[in-house]
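*Asks:* this one's structure only:
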């Protein structure tokens, strides 16, 4: 039976912290899913695209496609995506319980995505909004289909995800797990050399 402790030990959720690798990640974000948190920096081809002045939104969409494919290759039920300019709203213990209870409650199912960066009464299912990707939870059973639709889209990642989710009939729930630090994200920057990377 699924339960909170299994979620927190990484048996239910794979967590991805999206970054260029040029900023230290809040240590508590790394602890949120204890045994399956991936710091997800740029690939070499994404760094090349940035150097060639490819539109930053296009590069980021490619990165989210790669992330969804990576998650789909695993066995977890959900993919948690958090950008590197987010911090937890609550202390780590409460944040873990909030994440687990929100996605494993009797209200939850696999036909919804979760926006975990917005306030809302999360049991209510709503239309998907394409307003940034600071924190999202995606059912893994849909991650490949979403990746395919994002790959074919010319929209920025957040809007592309919205259109993709709507096209396959997903709806959205919301709960406030993280908030913005006030610092600019590094996700559109080139990665530093590995040995200089404080995020790894």
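*Replies:* On my side now, so go ahead. No experiment lies behind these values; they were computed from the predicted model shown. Residues are numbered from 1 along each chain as shown.
*Asks:* in this protein, what residue sits furthest out from the centroid?
*Replies:* Centroid-distance maximum for the chain: residue 52 at 25.9 Å, with C-alpha atoms, centre = their mean.
*Asks:* how near is that one to residue 41?
*Replies:* Remark: distance between residue 52 and residue 41 (C-beta to C-beta, to the nearest Å) = 18 Å. All C-beta spots, glycine's among them, are computed from the backbone N, C-alpha and C.
*Asks:* now residue 32
*Replies:* From residue 32 to residue 41 the distance is 18 Å (C-beta to C-beta).
*Asks:* dead centre of this structure: give me the residue that sits there.
*Replies:* Taking C-alpha atoms, centre = their mean, the chain has its central residue at residue 81, 1.1 Å away.
*Asks:* host element of the closest residue in space to that residue that isn't next to it in sequence?
*Replies:* Excluding its sequence neighbours, the residue lying closest to residue 81 (C-beta to C-beta, 6 or more residues apart in numbering) is residue 136, at 4.7 Å. Assigning secondary structure by DSSP states H and E places residue 136 in strand 135-139.
*Asks:* picking up where we left off before, can I assume the residue nearest to the centre of the chain is in contact with residue 133?
*Replies:* Yes: the pair residue 81 and residue 133 qualifies as a contact (C-beta atoms under 8 Å) at a distance of 6.2 Å.
*Asks:* find residues that contact each of these two.
*Replies:* 18, 64 (C-beta atoms under 8 Å, 6 or more residues apart in numbering).
*Asks:* I'd like the distance between residue 132 and residue 93.
*Replies:* In terms of C-beta to C-beta, residue 132 sits 27 Å off from residue 93.
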